[in-house]
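**Student:** Test case, fold it:
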Amino acid sequence: MACRTAFIIAISTALLAAPSARAQGAGEPTGVWQTQAGDARVKVSKCGGGICGVIVGLKDPIDPSTGKPQVDDKNPNPALKKRPMIGLPLFSGMQPVAPNKWSGQIYNADDGGTYASSVSVTGTDTLKVEGCVGALCGGENWTRVGR
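**Tutor:** As a prediction, this is how the structure comes out:
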């Protein structure tokens with residue numbers, strides 16, 4: 001009987017621990033994420049006590065007007081206009097501000113602007129990315145790739 005009671009306690013403990021293990025995994029931002037529009041894949045990794053995000057893939061990696069790899073041609077800095085989109089850093093200064101949430105800046109290659117941003121893990125395979133200009137904020141959900 002004691003063996004059976006110990007078995008029931010062990011199973012109960014395992015079942016109660018499982019949801020918290022899943023919740024901890026849900027807070028992990030590292031990995032490869034696809035943007036909401038599906039036009040880019042971004043690798044998020046830990047760096048400097050925070051997180052970094054770098055473009056690792058594009059839906060259309062070749063610029064149809066030049067026949068060459070896409071470059072950061074919307075960047076206002078002429079010295080950066082020719083840097084490749086693959087390998088382009090998107091996040092800067094992203095530091096933890098709450099559980100599963102980081103704040104810093106995000107670079108928008110579509111318009112060449114850098115904006116105040118927050119990134120939060122809202123599910124095992126969902127990363128909410130928000131950017132703000134003054135009081136105007138917008139965001140999108142990125143989906144984890146290849147888990």
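
**Student:** which helices and strands does the longest strand anywhere in the chain pack with?
**Tutor:** In the chain, assigned by DSSP state E, the strand with the most residues is strand 113-123. Under the contact definition 3 or more CB pairs under 8 Å, 6 or more residues apart in numbering; DSSP states H and E, strand 113-123 sits against strand 91-98, strand 101-108, strand 126-133. C-betas here are computed from N, CA, C, even on glycine.

**Student:** and for stretch 86-95, what are the contacting residues?
**Tutor:** 42, 44, 49-58, 61, 69-70, 72, 102-107, 109, 114, 117, 119 (CB atoms under 8 Å, 6 or more residues apart in numbering).

**Student:** how distant is it from the center of its chain?
**Tutor:** Centroid displacement of stretch 86-95 relative to its chain, using CA atoms, centre = their mean, to the nearest Å, is 10 Å.

**Student:** Flag every buried residue along that stretch.
**Tutor:** Neighbour-count burial for stretch 86-95, counted by 16 or more other CB atoms under 10 Å, picks out 86, 88, 90, 91, 94.

**Student:** Ok, stretch 128-146 next?
**Tutor:** For stretch 128-146, the neighbour count (16+ other CB under 10 Å) marks 128, 129, 130, 131, 142, 144 as buried.

**Student:** next one: stretch 62-78
**Tutor:** Residues of stretch 62-78 classed as buried: 70, 71, 72, 75 (neighbour count, 16+ other CB under 10 Å).

**Student:** Turn those residues into a markdown table, including secondary structure.
**Tutor:** Putting the buried residues of stretch 62-78 into a markdown table (DSSP: H, G, I helix; E, B strand; the rest coil) gives the following:
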| residue | secondary structure |
| --- | --- |
| 70 | coil |
| 71 | strand |
| 72 | coil |
| 75 | coil |
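
**Student:** from those, which single one is nearest residue 29?
**Tutor:** Nearest to residue 29 out of the buried residues of stretch 62-78 is residue 72 (CB to CB; 23.5 Å).
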